[in-house]
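S.K.: Need coordinates for the below:
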Amino acid sequence: MIRALIIAMVLTMAPSVAHAATTVCFLSCDTLDPSRAKQEIFPVPDKAVNGRRLTLHVSDVDGMAWGSIDNGVTGDAVWLDRSWDGGSSWDGLLGKASIPGTWTGTRTLMYNVTDPAAHKRGLIRACGDARGVACTDWIYPAVCDLKCDRTDAAQAVNPIEPVPSTTIFGRAVRLHTDQNGMAWGSIEAGGQGDEIWLDRSWDQGASWPGGSSLGRTAIPAGATTTRTTMFATRDPRGRHYGGAVRACGREASHNEGSCTAWARPVQSRAHAAADALMYSYDPYPAWWPSSWWNSAATLTTLIDYAARTGNRQYDWVIARTFDVNRAVFPAGQRATDPIEGNFISRAIDDSAWWGLAWIAAYDYTRDQRYLSMATTIANYVQQYWDPSTCSGGVWWNRERTYKNAITSGLYLRLVASVHQRTAGDTVWLQRARTAADWYLNSGLINSAGLVNDGLTQDCRNNGQTVWTYNQGLAIGGLTETWRATGDTRYLDAARRLADAAQIGLARNGILTESCDTGSCDDNQKQFKGIFVRYLAELGYQPFLTRQADSVWTADRDPLNRVGQRWAGGSPNQLDWRTQASGLGALTTG
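M.R.: Prediction:
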């Protein structure tokens, strides 16, 4: 009777345990066998239940946990509870397993502790039934980054107020953040019983289960102000990088409260932009949905950021993206075309973007598999170098319908890069020389020193839009060819293109895409960041710093999201592509 009552109490405390939980997929999906765990740690004490030992096993590397029960008898059971609201309620009986005959123990399968793709931070515990129900402690109730939740605000480093204060009945409610990514709230000009607290959201302020009323503190008698302790806004263990916070306050004699706007802290300008970019990365399919080439260019930007700053917290993204996406995908799953394996498709430029991403990954990690993949892709793209039309250049697609600047610029950069990283090579070197000479004489560069989009069928400059990324890849390709050959003709040409771009592609000194004042498509949103990546290889620091300063002061919101228009203004589009582009500016500037 007592055992039945305890089980009934557990079910009453968490009505959701009667229903099947939604399957969570992070690096793996729920119900992975524990034999595949890459780590086994025990972050909370075992729990004794009528002589049985209940254990929670955790692999932070996998982001998963499983439970076990030992010293038991047939019929004893173990399961996991997983909560999305700080432990107030939970999905229970996950992976429930009972000890079979002649055994003395059993274990559950593995379940994800948290859900970064859905921006839900979870807690998990192991529970068992052995003539009585008991559970271990939850993991991980406190969020820890450089500091942990409930750190005294006296330890703040370079504090700022990221958003304006709010008022309630004459009280000022303020949000404070610091360089360590911590946040706290204060209330001023108040009286005894007035309250201040923080709300913390993992989905940019859309919801905050488990993150409400954090550090709730009342003004004591005789005082007019108080503050909360500090709370972390990044959870690297759970791969939540962009938590948002707000400060809320209440005057003692009224029930209503008032809250500041939501904000994300700033550890550094580029770090803040990178965190906001990682908000959109989906770790299970391992890309930024739903743009194939943009994901390659974005990964390259993230690698550039890590290499320049030494921040290694996103390193797992490189291997994850490689391991998942080197596979074959049918049309519509990654792009409108099928992906045929090794990042290859009928779109020659798309393949080349991935080649450059793996060059960057190799330079950063020195892992040979990335260079091998880049070489495989380069060999594929090489098949579409065609001197029988326009004396050279690379076709944009397998149907050989168009020779454009971006595909030939990508090819030039890629073949020169493969040569630079291949010991004893002469073949790729000659290809780089040939491609660079062709590019300079192709007619793609107009009289103003700007690169138009492509060539007509009779091999003349088609006069179409000068996009910044065409200019950038020309600069990058020629610069890498100069490194490969030592021929200063290529460096001089790259500098001429860079000088022309500062005049022809900037307005009032700020890089401007031709579509910025209207509506840019998903491709165009990322062009400027690619340009500054390659411009940075030539120096031009005053220009690059001016771009970064404008992005930070004129084109960023309190959640550190960056829009299309680096000079600010409206209309201003905003998504992960514009974020990646802005991160390029903040990384190089």
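S.K.: just checking, what packs against the helix or strand hosting residue 378?
M.R.: Using DSSP states H and E, residue 378 falls within helix 368-382. Applying 3 or more C-beta pairs under 8 Å, 6 or more residues apart in numbering; DSSP states H and E, one finds that helix 368-382 makes contact with helix 315-325, helix 348-365, helix 405-420. From N, CA and C alone the C-beta is placed, and that goes for glycine too.
S.K.: Show me where the chain has its helices.
M.R.: 2-13, 269-278, 292-309, 315-325, 348-365, 368-382, 405-420, 427-441, 468-485, 488-504, 527-535, 541-554, 576-588 (DSSP state H).
S.K.: possible to save those as CSV with mean neighbour count, mean pLDDT and distance to residue 60?
M.R.: Shown next, in CSV, are those (neighbours: other C-beta atoms under 10 Å; pLDDT from 0 to 100; distance: least, C-beta to C-beta, whole Å):
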stretch, mean neighbour count, mean pLDDT, distance to residue 60
helix 2-13, 12, 34, 27
helix 269-278, 24, 98, 18
helix 292-309, 23, 98, 20
helix 315-325, 18, 98, 11
helix 348-365, 24, 98, 21
helix 368-382, 19, 98, 25
helix 405-420, 27, 98, 35
helix 427-441, 19, 98, 41
helix 468-485, 26, 98, 38
helix 488-504, 18, 98, 45
helix 527-535, 28, 98, 32
helix 541-554, 18, 98, 33
helix 576-588, 28, 98, 26
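S.K.: ok so, going back, with respect to residue 262, which of the helices and strands packed on helix 368-382 lies nearest?
M.R.: helix 315-325 (25.1 Å; C-beta to C-beta).
S.K.: Low-confidence regions, the stretch 1-150 of the chain specifically.
M.R.: Applying pLDDT under 70 to the stretch 1-150 of the chain flags the ranges 1-20.
S.K.: switch the cut-off to 90
M.R.: 1-21 (pLDDT under 90).
S.K.: ok, now how distant is residue 145 from residue 121?
M.R.: 13 Å (C-beta to C-beta, to the nearest Å).
S.K.: Neighbour count: the two, which is higher?
M.R.: Ranked by neighbour count (other C-beta atoms under 10 Å), residue 145 and residue 121 place residue 121 first, with 27 against 21.
S.K.: joint contacts of residue 145 and residue 121?
M.R.: Common neighbours of residue 145 and residue 121 (criterion: C-beta atoms under 8 Å, 6 or more residues apart in numbering): residue 235.
S.K.: so how far is the helix holding residue 378 off the chain centroid?
M.R.: Centroid separation between helix 368-382 and its chain, computed with C-alpha atoms, centre = their mean, to the nearest Å, is 25 Å.
S.K.: Report the inter-axis angle for it versus helix 292-309.
M.R.: 140 degrees (axes from the mean of the first three to the mean of the last three C-alpha atoms, to 10 degrees).
S.K.: Make 21 the first number, not 1, from now on.
M.R.: Sure, I'll start numbering at 21, so the last one becomes helix 388-402.
S.K.: Can I get helix 388-402 as PDB, trimmed to CA atoms?
M.R.: Extracted as PDB, the C-alpha positions of helix 388-402 are listed here (Å, rounded to 0.1, in the frame of the first residue of the first chain):
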ATOM      1  CA  GLN A 388      44.600  15.500 -42.500                       C
ATOM      2  CA  ARG A 389      41.100  14.200 -43.400                       C
ATOM      3  CA  TYR A 390      40.000  17.800 -44.000                       C
ATOM      4  CA  LEU A 391      42.800  18.400 -46.500                       C
ATOM      5  CA  SER A 392      42.000  15.100 -48.200                       C
ATOM      6  CA  MET A 393      38.400  16.100 -48.600                       C
ATOM      7  CA  ALA A 394      39.300  19.600 -49.900                       C
ATOM      8  CA  THR A 395      41.500  17.900 -52.500                       C
ATOM      9  CA  THR A 396      38.700  15.500 -53.500                       C
ATOM     10  CA  ILE A 397      36.500  18.500 -54.100                       C
ATOM     11  CA  ALA A 398      39.100  20.300 -56.000                       C
ATOM     12  CA  ASN A 399      39.600  17.400 -58.300                       C
ATOM     13  CA  TYR A 400      35.800  17.400 -58.900                       C
ATOM     14  CA  VAL A 401      35.700  21.200 -59.700                       C
ATOM     15  CA  GLN A 402      38.800  20.800 -61.900                       C
END
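S.K.: neighbouring contacts of it?
M.R.: With contact meaning C-beta under 8 Å, 6+ apart, helix 388-402 is reached by 342, 346, 362-364, 368, 371-372, 374-376, 378-379, 381-382, 414, 430-431, 434-435, 437-438, 441-442, 448, 451.
S.K.: next one: phi and psi at the residue nearest to residue 541 when sequence neighbours are not counted?
M.R.: Excluding the flanking residues, the one nearest residue 541 by C-beta to C-beta, 6 or more residues apart in numbering is residue 535, at 7.6 Å. The phi/psi pair for residue 535 (degrees, to the nearest 10) reads phi -90, psi 0.
S.K.: Can you point out the buried residues in stretch 232-246?
M.R.: Residues of stretch 232-246 classed as buried under the neighbour-count rule (16 or more other C-beta atoms under 10 Å) are 232, 234, 235, 237, 238, 239, 245, 246.
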